[in-house]
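Engineer: Sequence below, structure please.
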Amino acid sequence: MLYRISFVVHTTLQLTIGDVVKKCAAVKSIIEKSRAITSAYKNSSSLQTVFENFQSQQNNENPESKLPSLQKDVVTRWNSSHTMMVSILKNRQVICRASQELGREDLNFTEEEWECRQS
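Structural biologist: Residues are numbered from 1 along each chain as shown. Got it, this is the predicted structure:
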């Protein structure tokens, strides 16, 4: 019985969050761009190599706060979009440096988008 209640709560929460994201254009846009960025780095070995090199440099400069890998969200897991956003925020400097190095501004957020993500 407890499992059933937990499942219903989880499903309701997932559907509610999904509805809010669909209705809020700003949130939807940022989540879609976050997915595009994480997918690009996950699916291209050359992009991934540049990202990992910059991330390694960042970790060497500040070993106490090791940066997490980029996490892509999973549609069926309501909290995975949050996890993806946190991983991108923690890797902000790496993403900025890598996109600049690669000449791929489409793999970065504008300053306004970064500010929106942090609030």
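
Engineer: low-scoring stretches of the chain, by residue?
Structural biologist: By pLDDT under 70, the low-scoring segments of the chain are 1-8, 10-11, 21, 117-119.

Engineer: quick one, strands of it?
Structural biologist: Counting by DSSP state E, one finds no strands in the chain.

Engineer: And the helices in it?
Structural biologist: 2-23, 25-43, 45-61, 80-90, 92-102, 111-118 (DSSP state H).

Engineer: I'd like to know which elements the shortest one is packed against.
Structural biologist: So that's helix 111-118. The contact analysis (3 or more Cβ pairs under 8 Å, 6 or more residues apart in numbering; DSSP states H and E) places helix 111-118 against helix 25-43, helix 80-90. Every residue, glycine included, has its C-beta placed from N, CA and C.

Engineer: Which of these sits closest to Thr12?
Structural biologist: Among the helices and strands packed on helix 111-118, helix 80-90 comes nearest to Thr12, with 16.6 Å by Cβ to Cβ.

Engineer: What residues sit buried inside that closest one?
Structural biologist: For helix 80-90, a neighbour-count test (16 or more other Cβ atoms under 10 Å) marks 81, 84-85, 87-88, 90 as buried.

Engineer: try stretch 23-32
Structural biologist: 30-31.

Engineer: neighbouring contacts of it?
Structural biologist: Applying Cβ atoms under 8 Å, 6 or more residues apart in numbering, the contact partners of stretch 23-32 are 20-22, 73, 81, 84-85, 109, 113, 116-117.

Engineer: between those, which is closest to Gln55?
Structural biologist: The closest of the contacts of stretch 23-32, once distances to Gln55 are taken by Cβ to Cβ, is Met84, at 16.1 Å.

Engineer: And the closest one, how far from Ala26?
Structural biologist: Computed as Cβ to Cβ, to the nearest Å, the Met84 to Ala26 distance reads 16 Å.
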